[in-house]
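A.B. asks: Sequence first, then the predicted structure, then my questions.
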Amino acid sequence: MLALAPLGSLALALLPASASPVADLASASARAPQSQAARTQTLLDAGWRFNREEVAGATATGFDDSGWASVTLPHTFNGADGDDGGTYYRGPAWYRRTLTLDRIPAGRRLWIQFDGAALVTDLWINGAHLGRHEGGHAAFRFDVTDALKPGRNVIAVRVDNSRVPNVTPLGGDFTVFGGLYRHVRLIEVPDVHIDLADHGGPGVYLATQKLDQAQAVLNARILVRNDSLRNVRIPVSIKVADAQGETVASGITRAKMERGQAARVSIPLTLPQPHLWQGRTDPYLYTVTAEVEGDTVSVPLGLRSIKIDPEQGLLLNGRPYPLHGVNLFHSGRPGRGLAVTDAEIDADLDQVAELGATGVRLVHFQHPQEMYDQADRRGLLLWTEIGLNGVIDPSSAFEVNAAEQMRELIRQNYNHPSVMLWGLGNEVYATTPDVTHVLRTLQSVARAEDPSRPTVYAHCCQPDDNEKANISDVVGFNRYFGWYPGQDGSIGAWADGFHAQHPTRAFAVSEYGAGASIRHQQLPPPAQNVPESGWHPEQAQTQYHVDNWRQLASRPYLFGTYVWVAFDLASDGRHEGDRPGINDKGLVTYDRSTRKDAYYWYQANWSSTPMIHLTDRRLDRRSDAAVEIRAFTNAPDATLSVNGRPIGRAVANDHEVRWPAVPLTMGANLVSVTAGSASDTMQLTRVAASAAGASEVPEVVAKKPEHAPATKPPGQ
């Protein structure tokens, strides 16, 4: 059994500290000089000039970019060609803008933070190169104080989404969108401040050392940097506020620092009668605020314990907690790739929450902070992973890059109570020693950074007991029984077999799913699915999920199950379903406008909100005189009528109600169903059957497109 504290402890060298009453915290804050005001953040999203090509001389202050396009961030430069099939742009692009400053205030440091830029980013200010970041999905910062001047400053950014051998991801069944696709901001802090040179992290970390009904014993770690020209001895304080804003614990210590030095400060805290973070039931959050010389940083605190048991599955705060949910690829939208707003991220999680999911696997790389913040507030447990996907490079430079991406992922998301698993990677196909070496390196980094949370690897395409599947603390398996023809048998029989052979190994089903186009309708669904064909009827996906969930739901030893995938996503190399460039296994369409029938199957099983949904509504032209009507519901029974005429009541059988041989009149038929307070309607049109026996269902041929890869291993 894996017994996990709510939050881990960073391996840090710490200064001694002592607890202190709230009054001391307030007086320490008051002693901060007025010139050392709190940190400020200024969004730099507007006013950029953009050009998608290599441009000589674009770093120069006097370069003429007046002919470039005007863009506002977030922005991707291959959003339009990244979801239409075939090839898409992978190469350099340039962004330029000006920043006018009244002054460079004394005693202040200025940093530029990129919340995400893919994949390799170089920054110049006023012609001076300030640094490079390699990796497309974590936040990163540059200290720009010495490069800025009063008046007009020119910022030039080169972003390149080319495949670079030493930068992960090198593979993956998804489009690599490039650009400044998240926010860019200017951060100003006092010259003695909470450290910003912390792998993009907040510089404040809370570890829970003991948790019971009486108290929570915590240890706060604050990273402090002295960028001033003087030696200092400064107060470092911290407080914990409850959901009503009342301070419930606080502490203070002093740090002695020479100029240019960084220190790591520890402060113990005791919180009486803690209110636990209880997942979807009660996601209670505290707010922790650290202060150094007027510079403050706030992070969330959710107090919870987690255990993963190979027999009982997941236990949250000592109680079994069914972990069922979806894989959520980074929020995206047609034509814009990953350049989405916070409101669109929230809307995605609205659909996940309404589904009744208790967990989300964030694939296949780090997501924006809004996703983690919202998961905290909504009580969703997260598996989050770095972009080690499909392919590795044997070089030491690649290993270093992957390790840094793991470190960034953990530092930036350490304080989120929603995060329960650190993912080492997904479906690396090779079986060479280089693969296991990289995975072992990532395992070591993760355990050093955060020993309180387990690691996980999503395994596919080799034997279940392959060495790759035994490196992480727990393991997930990507299994597509009933979809990909190379995977024979059933998911339930497979899971029972693995559990019997490895009774002490905790495991999850990290992916299972089937493709579906809302434009493809067929009843009954095909006896055998042909994934590479141009025919993905929605009914085949629905039946797949009904069959698979009924098997998974009855196996409590699985610590989690994750549908692939919440929303259709851009995968420009795919040529299947109703159009190229899309992975259509989503429960919801890529544009988020249509929930497929399989979505409602899970909602009936997972949600307690009264619901009923009539299936097969998009097969709205029927030639049969009588048809079967089916609905998914979480009610015990439902009542059906057609054109206002009662058909009758049906009892639900495992969240499904059926009315066989319901007569339809020629023309339009309004079908209505009620189940308690829930109701649904759809319209079916009866048409005359073809006298020649013509069918709307095409002959299914698995035709390999001209530009498709010669082979594609099973997977997403």
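C.D. replies: Alright, I've got the coordinates.
A.B. asks: Please report how far V55 lies from E134.
C.D. replies: Taking CB to CB, to the nearest Å as the measure, V55 falls 21 Å from E134. For every residue, glycine as well, the C-beta is placed using N, CA and C.
A.B. asks: Contact partners for R108?
C.D. replies: 145, 188-191 (CB atoms under 8 Å, 6 or more residues apart in numbering).
A.B. asks: For those, could you give me JSON lines that also reports pLDDT, distance to W535 and neighbour count?
C.D. replies: Below are those laid out as JSON lines (pLDDT from 0 to 100; distance: CB to CB, whole Å; neighbours: other CB atoms under 10 Å):
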{"residue": "T145", "pLDDT": "98", "distance to W535": "60", "neighbour count": "15"}
{"residue": "E188", "pLDDT": "98", "distance to W535": "57", "neighbour count": "18"}
{"residue": "V189", "pLDDT": "97", "distance to W535": "58", "neighbour count": "28"}
{"residue": "P190", "pLDDT": "96", "distance to W535": "63", "neighbour count": "23"}
{"residue": "D191", "pLDDT": "96", "distance to W535": "64", "neighbour count": "22"}
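A.B. asks: Turn those into a markdown table, including distance to R221.
C.D. replies: Listed next are those as a markdown table, based on distance: CB to CB, whole Å:
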| residue | distance to R221 |
| --- | --- |
| T145 | 26 |
| E188 | 24 |
| V189 | 19 |
| P190 | 20 |
| D191 | 21 |
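A.B. asks: In strands only, show me those.
C.D. replies: Counting by DSSP state E, these place 188-190 in strands.
A.B. asks: now, which of those residues sits nearest Y590?
C.D. replies: Looking at these and their distance to Y590, the nearest is E188, at 39.3 Å (CB to CB).
A.B. asks: For that closest one, give me its contacts.
C.D. replies: If a contact means CB under 8 Å, 6+ apart, then E188 has 39-42, 105, 108-111 as its contacts.
A.B. asks: any idea which of the residues you listed is the one closest to Q443?
C.D. replies: Of the contacts of E188, the one sitting nearest to Q443 (CB to CB) turns out to be W111, at 31.6 Å.
A.B. asks: Put the alpha carbons of the helix or strand encompassing that closest one into PDB.
C.D. replies: Following DSSP states H and E, one finds W111 within strand 108-114. The C-alpha atoms that make up strand 108-114 are tabulated as PDB, following Å, rounded to 0.1, in the frame of the first residue of the first chain:
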ATOM      1  CA  ARG A 108      13.200  46.700  -7.500                       C
ATOM      2  CA  ARG A 109      13.700  43.700  -9.900                       C
ATOM      3  CA  LEU A 110      11.800  43.100 -13.000                       C
ATOM      4  CA  TRP A 111      11.100  39.700 -14.600                       C
ATOM      5  CA  ILE A 112       9.300  38.500 -17.700                       C
ATOM      6  CA  GLN A 113       7.300  35.300 -17.200                       C
ATOM      7  CA  PHE A 114       6.100  33.200 -20.100                       C
END
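A.B. asks: outside of the following helix or strand past that strand, which residues touch it?
C.D. replies: Once strand 108-114 ends, the next helix or strand along the chain (criterion: DSSP H and E) is strand 120-125. Residues from elsewhere that reach strand 120-125 (CB under 8 Å, 6+ apart): 59, 112, 114, 129-134, 136, 140, 142, 144, 147-148, 153-160, 162, 164, 167.
A.B. asks: Distance-wise, check the residue of the chain most remote from its centre relative to L619.
C.D. replies: Distance to the chain centre peaks in the chain at A691, reaching 51.7 Å (criterion: CA atoms, centre = their mean). Distance of A691 to L619, computed by CB to CB: 21 Å.
A.B. asks: cool, and L110?
C.D. replies: Distance from L110 to L619, by CB to CB: 60 Å.
A.B. asks: just to revisit the earlier point, sort out which of the contacts of E188 are buried, if you could.
C.D. replies: Buried by 16 or more other CB atoms under 10 Å: 39, 108-111, out of these.
A.B. asks: Reformat the residues you listed as CSV; add pLDDT.
C.D. replies: Below are the buried ones among the contacts of E188 laid out as CSV (pLDDT from 0 to 100):
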residue, pLDDT
R39, 93
R108, 96
R109, 97
L110, 98
W111, 98
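A.B. asks: what lines up beside the strand holding W111 in the sheet?
C.D. replies: Strand 108-114 sits in its sheet next to strand 140-143 (antiparallel), strand 184-190 (antiparallel), going by DSSP bridges.
A.B. asks: Tell me which of those strands is the most buried.
C.D. replies: strand 184-190 (a mean of 21; mean count of other CB atoms under 10 Å).
A.B. asks: quick one: it to chain centroid distance?
C.D. replies: Strand 184-190 sits 26 Å away from the centroid of its parent chain (CA atoms, centre = their mean, to the nearest Å).
A.B. asks: May I have it exported as PDB, CA atoms only?
C.D. replies: Taking C-alpha atoms only, strand 184-190 is exported to PDB below (Å, rounded to 0.1, in the frame of the first residue of the first chain):
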ATOM      1  CA  VAL A 184       3.200  36.800 -21.000                       C
ATOM      2  CA  ARG A 185       3.600  39.100 -18.000                       C
ATOM      3  CA  LEU A 186       6.000  41.600 -16.400                       C
ATOM      4  CA  ILE A 187       6.600  40.900 -12.700                       C
ATOM      5  CA  GLU A 188       8.100  43.500 -10.400                       C
ATOM      6  CA  VAL A 189       9.400  42.600  -6.900                       C
ATOM      7  CA  PRO A 190      11.500  44.200  -4.200                       C
END
